[in-house]
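Undergrad: 3D model of this:
(one chain, ligands or ions: 1)
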Amino acid sequence: MSNGKVYYGEYLQLDKILGAQAPESEKANVEAHDEMLFIVIHQAYELWFKQILHEVGSVLKMFASSEIDDDGPAVPTAVHRLRRVNTILQVLVKQIDILETMTPLDFLDFRDLLRPASGFQSIQFKELEARLGLKMDERFGKQYYTSQLKPDDKNYVQGIENQPTLIELINSWLERMPFFEERFWNEAADDSGRPYFWSQMRKIYQDSLSEGEQGNLKLWDQEFFGETKGRLSAKAKRSALFIMLYRDLPLFQLPFSLLQSLLDIDESMATWRYRHINMVSRMIGMRVGTGGSTGKKYLKGAMDSHYIFSELADLSSFLIDRRRIPELPDSLAHRLGYTVNRK
Ligand code: HEM
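TA: Model (predicted):
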C-alpha cells in the first residue's frame with residue numbers, strides 16, 4: 001500500500017513494463033527459450049531510444065531560439081546532454097554482446113513467428129535519424145518505408161522533417177557566430193573580395209598541399225565560398241573551421257566540444273549499425289530480413305549513407321598545422337578570452 005506516498009513499483013509502473021512480454025512462441029505453444037531475451041532486449045533499446053529523444057528534443061528547443069546566448073547556460077547544457085546521448089549509444093552498441101549469446105539455431109526456434117515485424121519498424125529509431133537531420137529523400141531503400149511501415153508511422157517520420165532538425169539549427173547557430181561581425185573579417189584584401197583572413201588561410205592551405213593534393217584547393221573554394229550543396233552553408237563551414245583551428249581560445253572550447261559531440265554521435269550510431277550488421281550476418285547469413293528487405297545489403301547501404309554530420313568530419317581535410325595558424329588581432333583574441341579579459 002502506498003498510503004499516498006510514492007511507492008517504487010507504482011512510480012515506475014512496473015506492472016505495465018514487466019507485464020509487457022508476450023512471446024509469440026508461447027501463443028503458438030512452441031518451445032523457444034530465447035524469445036524472452038529477444039523481447040527484453042528490444043524493449044530495453046526502445047526505452048533508451050526514448051531517453052535519447054528526450055535529450056535531443058531539449059537541445060533542439062534550446063537551439064531553436066535565435067537569441068541563444070553563447071555566454072549563457074544553453075551551450076554547456078547542450079554539450080552535457082549530447083555527451084549523455086553518446087554515452088547511451090555506447091551502451092547500446094555494447095548490448096549487442098548480450099544478443100549474440102543467442103545462437104542462429106536458438107533464433108530459428110521462433111524467427112518465422114515474427115514475420116513481417118522487424119527492427120526496421122522502430123519509429124523511435126527513425127525519429128532520431130529524422131530529428132538529427134536525415135530526410136526521407138536521402139534514406140537508403142526508400143521503397144521499404146512505403147511497404148514496411150504503417151501509413152501513420154511513415155507520415156509521422158516524414159512530418160518531423162517539417163520541424164527544424166539538429167543539423168539545420170547547428171547550421172544557423174554557426175552562421176550567426178558573433179565574431180563574424182568584427183571589422184577584421186570584412187577587410188577585403190584581394191581581387192576576389194574575400195576577407196584578408198580567408199585569403200591568408202587559403203594561401204597557407206595551398207602551401208601545405210603536396211603535389212598530388214593540388215586539386216584540394218578547388219574543394220577549399222567550393223566548401224568555404226561556393227554554393228551550398230549539402231546540409232551546411234559555406235558561412236557555417238567557415239565558422240566551424242575557425243572554431244576547430246582556434247579551439248584553444250577559452251571562448252571556443254565549448255563550441256568545439258559541441259562539434260565533437262555531434263561527430264561522436266555519428267560515430268556511435270555508425271558503430272551500432274556496424275555491430276548490428278555483423279550480428280545479423282551471423283544470425284541469418286544471406287537470408288532476407290523478417291521485414292522483407294535485402295537484409296545485410298540494405299543495412300550496409302543505410303550505414304554508408306545515413307551519416308548526418310559528415311560535413312563536419314570532412315573539415316579535417318582543411319585544417320593546417322598549429323604552427324601555421326595566423327595570430328588573431330589582439331582585440332579579437334581578447335574577445336575570445338575569458339569574460340574578465342573581454343572589453
Ligand atoms: C536476432 C537479432 C536481429 C536480427 C536478425 C535483425 C535483423 C535485421 C534486419 C535483417 C534488418 C533489415 C530490415 C529487415 O528486412 O528486417 C534490421 C533492421 C533494423 N534492426 Fe535489427 N535485427 C536484430 C536485432 C535488433 C535489435 C536488438 C534492435 C534494437 C532495436 C534492432 C534494430 C533494428 C533497426 C533500428 C533496424 C533499421 C536499421 C536501419 O534502417 O538502418 N535489431 N534488423
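Undergrad: what number of residues lie near the residue in the stretch 151-300 of the chain positioned nearest to the ligand?
TA: Of all residues in the stretch 151-300 of the chain, the one sitting closest to the ligand is residue 289 (2.2 Å; Cβ to the nearest ligand atom). All C-beta spots, glycine's among them, are computed from the backbone N, C-alpha and C. Residue 289: 21 surrounding residues under other Cβ atoms under 10 Å.
Undergrad: can you check residue 83 too?
TA: Neighbour tally, residue 83, other Cβ under 10 Å: 17.
Undergrad: that older thread, skipping its backbone neighbours, what lies nearest the residue of the stretch 151-300 of the chain closest to the ligand in space?
TA: residue 295 (4.5 Å; Cβ to Cβ, 6 or more residues apart in numbering).
Undergrad: That neighbour contacts residue 288, correct?
TA: Yes. At 5.1 Å, residue 295 and residue 288 qualify as touching, with contact defined as Cβ atoms under 8 Å.
Undergrad: Compare the two and say which one has the larger neighbour count.
TA: residue 295 (21 against 13).
Undergrad: Who are the contact partners of the more buried one?
TA: 280, 284, 286-289 (Cβ atoms under 8 Å, 6 or more residues apart in numbering).
Undergrad: how about the residue of the stretch 151-300 of the chain closest to the ligand, what does it touch?
TA: Contacts of residue 289 (Cβ under 8 Å, 6+ apart): 118, 120, 280, 295, 298.
Undergrad: repeat that for 10 Å
TA: 115-116, 118-120, 144, 148, 280, 295-299 (Cβ atoms under 10 Å, 6 or more residues apart in numbering).
Undergrad: among these, which are in reach of the ligand?
TA: 118-120, 280, 295, 298-299 (Cβ under 6 Å from any ligand atom).
Undergrad: Please render these as a markdown table that adds secondary structure and pLDDT to the earlier fields.
TA: Formatted as a markdown table, these follow (DSSP: H, G, I helix; E, B strand; the rest coil; pLDDT from 0 to 100):
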| residue | secondary structure | pLDDT |
| --- | --- | --- |
| 118 | coil | 94 |
| 119 | helix | 95 |
| 120 | helix | 95 |
| 280 | helix | 95 |
| 295 | coil | 86 |
| 298 | helix | 92 |
| 299 | helix | 95 |
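Undergrad: Contact residues of the stretch 151-300 of the chain facing the ligand?
TA: 273, 276, 280, 283-284, 289-293, 295, 298-299.
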